[in-house]
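> structure, please.
(one chain, ligands or ions: 2)
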Amino acid sequence: MQDFLQQTLSGTAPAVQKGENAFLRWQWWDEGILELVPKTPTRQALVLSAAIHGNETAPVEILNLLLTPLLAGEKPLLPRVLVLLGNPPALRAGKRYLHYDLNRLFSGRWQQIVDGDEARRALRLEQALEQFWQACGADETRWHLDLHTAIRGSYHARFGVMPLNSQPWPDDFLHWLAAAGLEALVFHRAPGGTFTHFSCEHYGAASCTLELGKALPFGENDLSQFSAAYQALAALLYGETLPVVHESPRHYRVAQQITRHSDRFVLHMGAETLNFTAFPQGTLLAEDGDTRYYVQQAREYVLFPNPSVASGLRAGLMLVEEGEQTQALSL
Ligand SMILES: O=C(O)CCC(=O)N[C@@H](CCC(=O)O)C(=O)O
Ligand SMILES: [Zn+2]
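Ligands and ions are numbered 1, 2, ... in the order given. So this is what the prediction gives:
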């Protein structure tokens, strides 16, 4: 295989499904699922995923730029890698999803919706991760980097979203995220149906959803904004030098979630509101019938505001910055 992205966009299985070069063996497992195994011994297993949302194309371009020289035998490979293009039909259609948001369906939540493309794909991706992690040696390090882009513009152009983790985050993982140019890290405080939650909760992987800029169609991305992320991935894959950290990412934690429950849901933010916009205590953020969402802490920052989500799903997160004074408002 020469070009994994073109192969996946073609919607067909490759004529040759495995091969090798001086540095690695590769095997195509299924549509959008490719394993690379280095010929030198390794103690790191890495899952790299993109296109869990089909309209988030910059990370797909970055991943393919890194993968192509590996398949051509032009770069050495250090870790065992599973590369995933999460939602190929949505990628072909240029849409976030076709029937249901795939990144809400992991950890078995696919069983709770009507069978469809995304429900089946969530199961297939869970199986692929199980197969990949099961082959890990006891001393192998497990990382999962799930690459996304945000729908809106943002005060932090690049940031990471960390799933709930019962273990402390490894220092080398946090250092890598900083070297990748992330300006902020957002820490979830509850489990969820995302791919990174699945890896972390079920397989103890150090995992992060990387948000790299704003979602744009293929060909419209300015990849120069993500040069640190590209170089940090090259360091991980090929053993090249990790970029120097110029500034440590700011840390935020989720204070509350805004959920859309009905057609009466109204979000009191305009289409121009950027991610990480700050709101003062007492601000009315959203209403859904009798339910009202207010800013509870002295200051909260909005992330992923989206009034158009399906009923029952997250329509936004409110964050507090670590270290900022928090004082709850009782309403
Ligand atoms: O910009 C948006 O509204 C969504 C961008 C996106 O796809 N973000 C991920 C974050 C996953 C997480 O919480 O770790 C998502 O919503 O699935
Ligand atoms: Zn996404």
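
> and the average pLDDT for stretch 68-79 is what?
Average pLDDT, stretch 68-79: 98.

> would you mark the buried spots in that stretch?
Across stretch 68-79, burial judged by 16 or more other Cβ atoms under 10 Å covers T68, L70, L71, K75, P76, L77, L78, P79. C-beta: built from backbone N, CA, C; applies to glycine.

> was I right about the second one contacting L77?
Pointing back at L70 there. Yes. Here L70 reaches L77: they are 5.6 Å apart, a contact under Cβ atoms under 8 Å.

> ok, back up a step: just the buried residues of stretch 68-79 that are near ligand 1?
The subset of the buried residues of stretch 68-79 within reach of ligand 1, by Cβ under 6 Å from any ligand atom, is empty.

> and which of those is nearest ligand 1?
Within the buried residues of stretch 68-79, the smallest distance to ligand 1 is 22.3 Å, found for P79 (Cβ to the nearest ligand atom).

> quick one: the closest one and P41, what's the gap?
Applying Cβ to Cβ, to the nearest Å, the value for P79 to P41 is 11 Å.

> could the buried residues of stretch 68-79 go into a markdown table alongside secondary structure?
Below are the buried residues of stretch 68-79 laid out as a markdown table (DSSP: H, G, I helix; E, B strand; the rest coil):
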| residue | secondary structure |
| --- | --- |
| T68 | helix |
| L70 | helix |
| L71 | helix |
| K75 | coil |
| P76 | coil |
| L77 | coil |
| L78 | coil |
| P79 | coil |
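
> common neighbours of L70 and L77, please.
F23, L24, L36, L237, Y238 (Cβ atoms under 8 Å, 6 or more residues apart in numbering).

> name whatever forms a beta bridge with the second one.
Beta-bridge pairing of L24, defined through DSSP bridges, involves P38.

> so what's it up against?
For L24, the residues meeting the contact criterion (Cβ under 8 Å, 6+ apart) are L36, V37, P38, K39, L70, G73, L77.

> go with 10 Å
35-40, 70-71, 73, 75-78, 80-81 (Cβ atoms under 10 Å, 6 or more residues apart in numbering).

> from ligand 2, how far off is it?
The spacing between L24 and ligand 2, counted by Cβ to the ion, to the nearest Å, is 28 Å.

> ok, P243 next?
24 Å.

> switch to numbering from 59
Got it, first residue is 59 now, which makes that one P301.

> next, F62: phi, psi?
phi -60, psi -40 (degrees, to the nearest 10).

> next one: the one 10 residues further on
Backbone geometry at P72, expressed as degrees, to the nearest 10, gives phi -70, psi 150.

> and for it, the neighbour number?
Using other Cβ atoms under 10 Å, P72 has 16 other residues around it.

> that one reaches W87, doesn't it?
No. Here P72 does not reach W87: they are 11.2 Å apart, not a contact under Cβ atoms under 10 Å.

> low-confidence ranges in this protein?
Residue ranges of the chain with pLDDT under 70: 383-389.

> ok, now with 80
The model of the chain has pLDDT under 80 over residues 194-196, 382-389.

> toward the C-terminus from the lengthiest helix in the chain, list the very next helix or strand.
Ranked by residue count under DSSP state H, the longest helix found in the chain is helix 175-192. Later in the chain than helix 175-192, the nearest helix or strand by DSSP states H and E is strand 199-208.

> ok, that following strand near ligand 1 or not?
Yes. With Cβ under 6 Å from any ligand atom as the measure, strand 199-208 is seen reaching ligand 1 through H206, A208.

> can I get that strand in PDB, CA atoms only?
Presented in PDB, the C-alpha positions along strand 199-208 are these (Å, rounded to 0.1, in the frame of the first residue of the first chain):
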ATOM      1  CA  THR A 199       3.700   1.500  27.200                       C
ATOM      2  CA  ARG A 200       0.200   2.200  25.700                       C
ATOM      3  CA  TRP A 201      -0.600   5.600  24.300                       C
ATOM      4  CA  HIS A 202      -3.600   6.700  22.200                       C
ATOM      5  CA  LEU A 203      -3.700  10.000  20.400                       C
ATOM      6  CA  ASP A 204      -7.000  10.800  18.800                       C
ATOM      7  CA  LEU A 205      -6.700  13.700  16.500                       C
ATOM      8  CA  HIS A 206      -9.600  16.100  15.900                       C
ATOM      9  CA  THR A 207     -10.400  19.700  15.000                       C
ATOM     10  CA  ALA A 208     -13.000  21.900  16.700                       C
END
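
> right, I'll leave it there.
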